Structure formats: C-alpha cells, structure tokens
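Q: Below is the sequence, then the predicted model.
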Amino acid sequence: MRLAELRWAFAWNLRGDASVSAFVSEAQRMTGLALPLAPCTATRTAARSLLWLGPRSWLWIDGADGANTDFDAARNALNAVGGALFDSSAAYAGWLVSGALVATVLNRGCPLDLRPRAFGAGRCAQSLLGHLPALFYRPNERPLFVVMVPRSLATDGGHCLRGYAEAEGCTIDAVTPFGRFEA
C-alpha cells in the first residue's frame, strides 16, 4: 500500500449551467478538458482533472505548476457566459492511495462500492471517509484513488487512511509529495 500526499497548483470550483453552450465551450477552452456531464465522472490529462461534483459544479485540479493559468482572467471569462469560478485550492487536503487492496482498505471507511467493477476509471464521488466528508476519484485503471477531505480535517483523514490500511494488514510505503495524478 502506498499513501502519498497530493500537492496541486490549484483546485478551482467551476459553476454554471451545462445546458448553456457558451458556458460549456468556455469551460472546455479554459481547462483544455471536456466538461464531464454525466454524474460522478471526470476527464483528465496527465496533469489536470475536471471532476463532476453536481449538475452545476465541477472541480478543476491542476497538478502541474499552473503558471499559465490566470485566475482573474478565467473567472472573468466564465462570468461573461453566466458561470462562476471559485478558488478552493486551500480548502482540500488530498492523498494518492494505491496498492492491490486499495478498494478494500478504502471501503473500511466509505459506504460506496469502490471495487473496479462498480467504480471504474474516470469515476468520482463525494461520500464519507469514516465520519469525514470526502471526495473519491479513480483517475485510471490502476489500483489507485485520489482521496480529498476538507483541509481542516486533514489530520483525521490521514489517521483514518493509515488505520484502515493497518486493519487490512497493509504496511504503508513512504509518504511522499505527489504532483501528478499518476502512481
């Protein structure tokens, strides 16, 4: 089992109406990603992910340096087409959790079925990690998940993840910073 702390350049919340083509076009131009319109899905490149949070809400995470993205310009562009943009970068703490038993470990504290046949690549969902609100994201087919909790609950989130891994007999490899959504 591997538990790596995630670091990102930014995590921005996009809000808007997906039935407004100008909003969808601008969101896609700005992020470089197709706007995921199906519930609990995500789109991604090596360094960026766009996660569906609700019918009018997406979380845009840039794991690279984010140097070419101007928040004010992006917010103004979305506002011009009836959308909104909020900087949530400091609101989350996150981990990349990987290993053969990752779904079993996470299911000790999450009521969702996180096994690959039920929660495949490109899926994301908000649920619980023990008693904590959490966002679960499976970026690819490998046995790994991105788990995010409110930053104010980061210590508890890390404790839960370590405890669930130990309860399954897993040892945790070195906890290291992580900049891209790859294992």
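A: In hand now; what should we look at? A quick note: this is a predicted structure, and the numbers were derived from the prediction, not measured.
Q: CA atoms for contacts and neighbours, from now on please.
A: Noted.
Q: Which strands or helices does the helix or strand hosting Trp58 pack on?
A: Using DSSP states H and E, Trp58 maps to strand 57-62. Counting contacts by 3 or more CA pairs under 8 Å, 6 or more residues apart in numbering; DSSP states H and E, strand 57-62 packs against strand 10-15, strand 48-54.
Q: the inter-axis angle of the helix or strand just after it versus strand 10-15?
A: Counting by DSSP H and E, the next helix or strand C-terminal to strand 57-62 is helix 71-80. For helix 71-80 against strand 10-15, the angle by axes from the mean of the first three to the mean of the last three CA atoms, to 10 degrees is 10 degrees.
Q: for whichever helix or strand comes after helix 71-80, packing partners?
A: From helix 71-80 onward toward the C-terminus, using DSSP H and E, the following helix or strand is strand 84-87. On a contact count with 3+ CA pairs under 8 Å, 6+ apart, strand 84-87 meets strand 10-15, helix 71-80.
Q: how far is the first one from where the chain is centred?
A: The gap between the average C-alpha position of strand 10-15 and the chain average comes to 11 Å, counting by CA atoms, centre = their mean, to the nearest Å.
Q: List the buried residues for that strand?
A: Buried residues in strand 10-15, counted by 16 or more other CA atoms under 10 Å: Phe10, Ala11, Trp12, Asn13, Leu14, Arg15.
Q: And those residues, which is closest to Gly158?
A: Ala11 (19.6 Å; CA to CA).
Q: can I assume the closest one is in contact with Ser88?
A: Yes. In this structure, Ala11 is within contact of Ser88 by CA atoms under 8 Å, at 5.4 Å.
Q: just to revisit the earlier point, turn the helices and strands packed on strand 57-62 into TSV, columns for mean pLDDT and distance to Ser25.
A: Listed next are the helices and strands packed on strand 57-62 as TSV, based on pLDDT from 0 to 100; distance: least, CA to CA, whole Å:
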stretch	mean pLDDT	distance to Ser25
strand 10-15	96	13
strand 48-54	96	14
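Q: quick one: which of the ones you listed is nearest Arg2?
A: strand 48-54 (21.0 Å).
Q: Give me the contacts around the closest one.
A: For strand 48-54, the external contacting residues (CA atoms under 8 Å, 6 or more residues apart in numbering) are 31, 33, 35-44, 58-64, 124-126, 181.
Q: I'd like to know how many residues surround Glu141.
A: Residues contacting Glu141 under the criterion other CA atoms under 10 Å number 11.
Q: Sticking with it, tell me its helix or strand.
A: Glu141 belongs to no helix or strand when assigned by DSSP H and E.
Q: now it: how far from Arg115?
A: According to CA to CA, to the nearest Å, Glu141 stands 11 Å off from Arg115.
Q: Having no further points to raise, I will conclude here.
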